[in-house]
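>>> Predicted model and sequence follow; I will ask about them next.
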Amino acid sequence: MKIKSALPLPLRIAGPLLIAILLGFVLLPVVVVTIAAFNEKAILTFPPESYSLQWFARVFSYPDFQHGFKASLVITGWSSFLALVIGTCLAIAAKRMEFKGKQTLLTILHSPLVVPHFTLGLGLLILVSQASVQRGWGIAILCHVMLVLPFVMRSVYVSMENLDERLEQAAASLGASPLKVLLTVTVPLLAPGLFGGWLFAAIMSFSEFTASLFVTTQDTQTLPVAMYNYVREFADPTLAALSVVYIAVTATVLALANYFLGLGKILNIEDR
């Protein structure tokens, strides 16, 4: 507070003003899409001349969206679960073990954070084509696991950093087996980080488009891919309505998770 009060008046005004401008710039497309979703006409216009909820009804009744939603649930469920198991094991190994090539392995595992997703999707498509492997559920799930694994590892690793190893040592000294220590001490203490990593993995997997476009088929087509195919054929506000539903559900889930768990603490971006 003393530093803030010592700043000149123009700087004290410019800081909040700049933040407000940036937030407005980021939220402006959301506001435009939300208003356009209620347009009564079958053409995207802004601002709408009249309003209707018919496009929201179409979101839930369109067959391709229904199939894409079910496919997304299957792929998201399996990929987030597998990423949670694999990412937890890798995070524990990275924290407590030293072995040759450790940093190289971690760099490769975290590469999806910087490598464009379409590059990974295209590379996996070429790989399975050369190996004469059919693009099915397994390939789509594998692709999503690769993409969301870094988020799980990050969340669990941060929880490992804040884990008091003396509690595990105390349980072991009282006669608990390593498996019992893991299940009764380690996992409960890591529970917020595990849930946070799974949550981010599930959201990222459900919303993934660029890589999914290369590895999915008609049977495994996810909801974002179905949205892409829809916009190629129609220009009505249905996608705007679906986007509003997407934003509302995601924001609600993140808000509840942050309220009960404190995602900032889990991801180590604020003090515990």
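Done, it's in. Numbering: from 1, shown residues only.
>>> Nearest spatial neighbour of the spatially most central residue of the chain, chain-adjacent residues omitted?
What sits nearest the mean C-alpha location of the chain, by CA atoms, centre = their mean, is Met204, with 2.4 Å. Spatial nearest neighbour of Met204, excluding adjacent residues (CB to CB, 6 or more residues apart in numbering): Val148 at 4.9 Å. Any C-beta I mention is one placed from the backbone N, CA and C, and that applies to glycine too.
>>> per-residue confidence for that neighbour?
According to the prediction, Val148 has pLDDT 91.
>>> Tyr62 too?
90.
>>> Surely it is in contact with Asp236?
No. Tyr62 lies out of contact with Asp236 (CB atoms under 8 Å); the separation is 10.8 Å.
>>> hmm, back to that, so which helix or strand takes in the residue nearest to the centre of the chain?
For Met204, the host element (DSSP states H and E) is helix 187-207.
>>> got the CA coordinates for the helix or strand that that helix is followed by in CSV?
Later in the chain than helix 187-207, the nearest helix or strand by DSSP H and E is helix 212-215. Output of helix 212-215 as CSV, limited to C-alpha atoms (Å, rounded to 0.1, in the frame of the first residue of the first chain):
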residue,chain,number,x,y,z
SER,A,212,-8.7,-34.2,-33.1
LEU,A,213,-9.4,-33.1,-36.7
PHE,A,214,-6.6,-35.3,-37.9
VAL,A,215,-7.1,-38.4,-35.8
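>>> Only the buried residues of the strand or helix carrying Ala83, if you could.
Assessed by DSSP H and E, Ala83 sits inside helix 63-96. For helix 63-96, a neighbour-count test (16 or more other CB atoms under 10 Å) marks 64-65, 67-69, 71-72, 75-76, 78-80, 82-84, 87-88, 90-92, 94 as buried.
>>> now the angle from it to helix 187-207?
140 degrees (axes from the mean of the first three to the mean of the last three CA atoms, to 10 degrees).
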